[in-house]
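S.K.: One predicted model, sequence on top.
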There are 2 protein chains.
Amino acid sequence: MGEKLREPLRQLATQCSLPAALEAMGERWAFLILRAAFNGLHHFEEFQSELGIARNILASRLARFVEHGILERRALPDDRRKIEYRLTDKGFALLPTMVALRQWGERWETGVAASPVLVDERDGRPIRPVRVLSHDGRELDKDGLKWVLREDLPQDQAQAAE
Amino acid sequence: MGEKLREPLRQLATQCSLPAALEAMGERWAFLILRAAFNGLHHFEEFQSELGIARNILASRLARFVEHGILERRALPDDRRKIEYRLTDKGFALLPTMVALRQWGERWETGVAASPVLVDERDGRPIRPVRVLSHDGRELDKDGLKWVLREDLPQDQAQAAE
């Protein structure tokens, strides 16, 4: 991976929308709020009391997630003064990223296995470490990967890719 | 996922080292530098010219990655004035996170399939989308996941978990 062909880095630097989204997540409190949302928290007061975060910071981070389409803000039908924040489909789609990051943190930052543990609802067994897999399910590390221009892929594979 | 048992959010808010690491990555330029490192860039001048980044920002971000143990700074043996920045094992271990994030960005931010594409070095076929998998390889979404206290797992599973 990464010897000859590369991503168009300069173009990414000026045009990529991902860093903006990542900045929305990457700030310390923002990440903890997102993590709390994945833990099933929905209300301003819940986030506030569970995280012990200042109200103005919480308000600004929630607004930023709403702006990025990661959280959705809605009034409850039975009491419109009550506001809920819920992960959108785009927000939930961050699950593999969040889990991969949590596992990385456990292995390389804290060095301890965290509790609670994420398990399969169906059989109660812990999930696998999140990995990059080949089309037929082999684990790939960086030496097992390379870049190919999309136009150089066979057409059926180009459509299926990522 | 997330209805009853939760992660210890307040404790994470005060003690978790992950947000610090994430802040190191989460800032716009930091992320692009990390991405460039995964693309095989090693030298200050390469990062500078490929990304079009200001030298002082580049220097501070590289220093932060070195401080977090994600990049390693070393002098080349044949010319000690030449400095290389290389991903450490801890840095490379961010591969699933980076790939998951790239795929998320393609699907939800840019909406277009990017080129180049990451493929398996062995057979040239595009990688799978990064997913959370059960121990036996089924894809799990948030409804397929729950939290369990580590001490409530059977001992063999607790050891294998994450």
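M.R.: Arrived safely. Numbering: from 1, shown residues only, chains lettered A, B, ... in the order given.
S.K.: where along chain A do the strands fall?
M.R.: A:71-76, A:79-87, A:117-120, A:145-148 (DSSP state E).
S.K.: Residue B:124 is nearest to which of these?
M.R.: Closest approach to residue B:124 among the strands of chain A (C-beta to C-beta): strand A:145-148, 6.7 Å. To be clear about C-beta, it is placed using only N, CA and C from the backbone, and glycine gets the same treatment.
S.K.: Enumerate every residue touching the most centrally placed residue in chain A.
M.R.: Among the residues of chain A, residue A:94 comes closest to the average C-alpha position under C-alpha atoms, centre = their mean, at 2.9 Å. For residue A:94, the contacting residues are A:25, A:34, A:70, B:104, by C-beta atoms under 8 Å, 6 or more residues apart in numbering or on different chains.
S.K.: returning to what we had before: now the strands of chain A as a markdown table including distance to chain B?
M.R.: Supplementary listing: these in a markdown table, determined by distance: least, C-beta to the nearest C-beta, whole Å:
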| stretch | distance to chain B |
| --- | --- |
| strand A:71-76 | 13 |
| strand A:79-87 | 8 |
| strand A:117-120 | 4 |
| strand A:145-148 | 4 |
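S.K.: looking at those, which is buried most?
M.R.: Per-stretch averages of neighbours, counted by mean count of other C-beta atoms under 10 Å in any protein chain shown, single out strand A:117-120 among those, with a mean of 22.
S.K.: hey, C-alpha coordinates of it in CSV?
M.R.: Only the C-alpha atoms of strand A:117-120 are listed here, as CSV (Å, rounded to 0.1, in the frame of the first residue of the first chain):
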residue,chain,number,x,y,z
VAL,A,117,-18.0,-5.3,26.2
LEU,A,118,-20.0,-5.2,22.9
VAL,A,119,-21.6,-8.6,22.2
ASP,A,120,-23.8,-10.1,19.6
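S.K.: got the contact list for that strand?
M.R.: Surrounding strand A:117-120, the residues in contact under the criterion C-beta under 8 Å, 6+ apart are A:99, A:125-127, B:1, B:132, B:134-135, B:138, B:140, B:144-150, B:153, B:158, B:161-162.
S.K.: Would you mind checking these for buried ones?
M.R.: Using 16 or more other C-beta atoms under 10 Å in any protein chain shown as the burial test, the contacts of strand A:117-120 include A:99, A:125-127, B:1, B:132, B:134, B:140, B:144-148, B:150, B:153, B:158, B:161-162 as buried.
S.K.: Inside helices: which ones of the residues you listed?
M.R.: Residues from those lying in helices, with DSSP state H as the criterion: A:99, B:158.
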